[in-house]
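In: Starting from these lines, generate the structure:
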Amino acid sequence: MISRSETMIKTKDSTSTISFAFSQGYEIIPIEQILYCQADGNYATIYLLDQSKIVVSKPLKFIAHKINSAMFMRVHQSYLVNTNYVRKLITKGGFSLMLLGEISIPISRKYKAAVLQRFS
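Out: Take a look at the predicted model:
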């Protein structure tokens, strides 16, 4: 787990990246490498395809605004998912998404209609 603070978005050669400042500089991550983000108060944990995670001192709303990509969707107050990695929409026993790697993400009532519209 790596802790980061400042955030920047840059587009270079049609590849969008997000960067996180740390004491020695910036870590630059291609947005398509982000599997999902999870909120924890004023912090967020970003889970990457390589199974690593980065904790940043920014709220999820800030990250969602900075990413501002059609490939991402807010599905819960605490979750922002990369829709390219959604494998299943589960409707029994409560709504949830199954992501690549069998990761289950809950869908809140507030976002249920938007999720159903996008995936059905």
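In: Quote the end-to-end distance of stretch 35-46.
Out: The straight-line separation of the ends of stretch 35-46 (Cα to Cα, to the nearest Å) is 8 Å.
In: which element is the closest residue to residue 98 other than its chain neighbours on?
Out: Excluding its sequence neighbours, the residue lying closest to residue 98 (Cβ to Cβ, 6 or more residues apart in numbering) is residue 88, at 3.9 Å. For every residue, glycine as well, the C-beta is placed using N, CA and C. Taking DSSP states H and E as the criterion, residue 88 maps to strand 86-90.
In: For that strand, which helices and strands make contact with it?
Out: In terms of contacts (3 or more Cβ pairs under 8 Å, 6 or more residues apart in numbering; DSSP states H and E), strand 86-90 is packed against strand 96-99, helix 109-119.
In: same thing but at 6 Å, please
Out: Packing partners of strand 86-90 (3 or more Cβ pairs under 6 Å, 6 or more residues apart in numbering; DSSP states H and E): strand 96-99.
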